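Undergrad: Quick one, fold the following:
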Amino acid sequence: QVQLAESGGGLVQAGGSLRLSCAASGRTFSRYAMGWFRQAPGKEREFVASINRSGGSTYYADSVKDRFTISRDNAKNTVYLQMNSLKPEDTAVYYCALGTVTNNPTSFNSWGQGTQVTVSS
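TA: Numbering: from 1, shown residues only. I've put the predicted structure just below:
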């Protein structure tokens with residue numbers, strides 16, 4: 001079973017950048033699509049971005065398109081989320097997850113523990 005551990009969150013001013021990482025244990029990381037999701041206080045968890053097994057295809061929520069970039073390094077069992085031009089509405093706990101269908105957020109499960117991102121105005 002693959003276990004996930006997110007890191008890289010923190011407090012940043014609006015307009016700033018952060019890079020999140022998600023390290024996966026186990027030998028089967030490259031068999032899965034990977035995704036990033038987030039949950040703001042009082043809101044449901046929402047899809048942010050996903051990437052297929054090879055890293056050749058990516059998908060983004062409209063709210064983060066052109067600001068966030070998802071990538072993966074299968075040799076390091078790690079997926080990244082580069083977040084630029086951050087806005088206060090990006091404040092949330094960010095989770096990574098394994099998926100079976102890259103462009104179907106409902107196929108993602110096996111969540112990590114999350115990392116807090118706070119964007120001040």
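Undergrad: and the helix or strand containing residue 59, which strands flank it?
TA: Element membership for residue 59, per DSSP states H and E: strand 58-60. Under the criterion DSSP bridges, strand 58-60 sits next to strand 46-51 (antiparallel) in its sheet.
Undergrad: one step back: how far out from the middle of the chain is the strand holding residue 59?
TA: Computed by Cα atoms, centre = their mean, to the nearest Å, the chain-centroid distance of strand 58-60 equals 11 Å.
Undergrad: Toward the C-terminus, what is the element adjacent to it?
TA: Trace forward from strand 58-60 with DSSP H and E and the next one is strand 68-73.
Undergrad: Tabulate the CA atom coordinates of that next one in PDB.
TA: Output of strand 68-73 as PDB, limited to C-alpha atoms (Å, rounded to 0.1, in the frame of the first residue of the first chain):
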ATOM      1  CA  PHE A  68      -0.300  26.400 -10.600                       C
ATOM      2  CA  THR A  69       1.800  23.700 -12.100                       C
ATOM      3  CA  ILE A  70       1.700  20.000 -11.200                       C
ATOM      4  CA  SER A  71       4.700  17.800 -12.000                       C
ATOM      5  CA  ARG A  72       6.100  14.400 -10.800                       C
ATOM      6  CA  ASP A  73       9.400  12.700 -10.500                       C
END
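Undergrad: any idea how far the residue nearest to residue 39 when sequence neighbours are not counted is from residue 92?
TA: Among residues not flanking residue 39 along the chain, residue 45 sits closest, at 4.1 Å (Cβ to Cβ, 6 or more residues apart in numbering). Bear in mind the C-beta positions are built from the backbone N, C-alpha and C, glycine included. Residue 45 sits at a distance of 9 Å from residue 92 (criterion: Cβ to Cβ, to the nearest Å).
Undergrad: Could you check which of the two has the larger neighbour count?
TA: A count of neighbours by other Cβ atoms under 10 Å puts residue 92 above the other of residue 45 and residue 92, at 22 against 16.
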